[in-house]
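Q: quick one, fold the following:
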Amino acid sequence: MNYCEILKDAKTIAVVGLSTNPNKTSRNIARYLVAAGYKVYGVNPACKERELDGIPVFENLKEIPEKIDIVDVFRRSEDIPQIIPDVININPKVLWLQLGIKNDEAVKPISKKGITVVQDECIYIQHNNCY
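A: Numbering: from 1, shown residues only. Take a look at the predicted model:
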């Protein structure tokens, strides 16, 4: 899988599990992706603010008013099945599960739909390797 091609083709990224804590990895990586030129949206149903660090935050993927290229997930592996219906609904090019996150069974319907699946990889590290 060519991560550089994925990252060069993408324009919009939804960060699922964007933390309200500014020191968490999901926030740091979201800010990095914005600085790298991507249009970034956050997804966090528990977040009361509708914006964090200038990043619009939505309750779920379906609310995002733009076509998403990469869904970048910061959730526990066992939580992945909960987001699969929304991922299928918005049909991004890529479902990217961050470092330490892997759920082969849950992502099967995503792969069958023709959506590229990346598991257990850090988008920040891969982006740095490409640029």
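
Q: the protein: strands as residue ranges?
A: Under the criterion DSSP state E, the chain contains strands at 12-16, 39-43, 51-52, 55-58, 70-73, 94-97, 116-118.

Q: could you find the closest non-adjacent residue to Y124?
A: Spatial nearest neighbour of Y124, chain neighbours left out: I29 (4.9 Å); criterion: C-beta to C-beta, 6 or more residues apart in numbering. Using the backbone N, CA and C atoms, a C-beta is placed for each residue, glycine as well.

Q: still on that earlier bit, okay, the strands of the chain in JSON lines with mean pLDDT and distance to E5 next?
A: Shown next, in JSON lines, are those (pLDDT from 0 to 100; distance: least, C-beta to C-beta, whole Å):
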{"stretch": "strand 12-16", "mean pLDDT": "98", "distance to E5": "15"}
{"stretch": "strand 39-43", "mean pLDDT": "98", "distance to E5": "19"}
{"stretch": "strand 51-52", "mean pLDDT": "96", "distance to E5": "29"}
{"stretch": "strand 55-58", "mean pLDDT": "98", "distance to E5": "25"}
{"stretch": "strand 70-73", "mean pLDDT": "98", "distance to E5": "12"}
{"stretch": "strand 94-97", "mean pLDDT": "98", "distance to E5": "10"}
{"stretch": "strand 116-118", "mean pLDDT": "98", "distance to E5": "10"}
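
Q: for the residue nearest to Y124, give me its contacts.
A: By C-beta atoms under 8 Å, 6 or more residues apart in numbering, I29 lies in contact with V15, D72, F74, Q98, C122, I123, Y124.

Q: picking up where we left off before, just name the most buried of the strands of the chain.
A: Counting by mean count of other C-beta atoms under 10 Å, strand 70-73 has the highest mean neighbour count of these, with a mean of 26.

Q: and that strand, what does it pack against?
A: strand 12-16, helix 80-90, strand 94-97 (3 or more C-beta pairs under 8 Å, 6 or more residues apart in numbering; DSSP states H and E).

Q: of these, which is nearest G37?
A: strand 12-16 (10.6 Å; C-beta to C-beta).

Q: that concludes my questions; thank you for your assistance.
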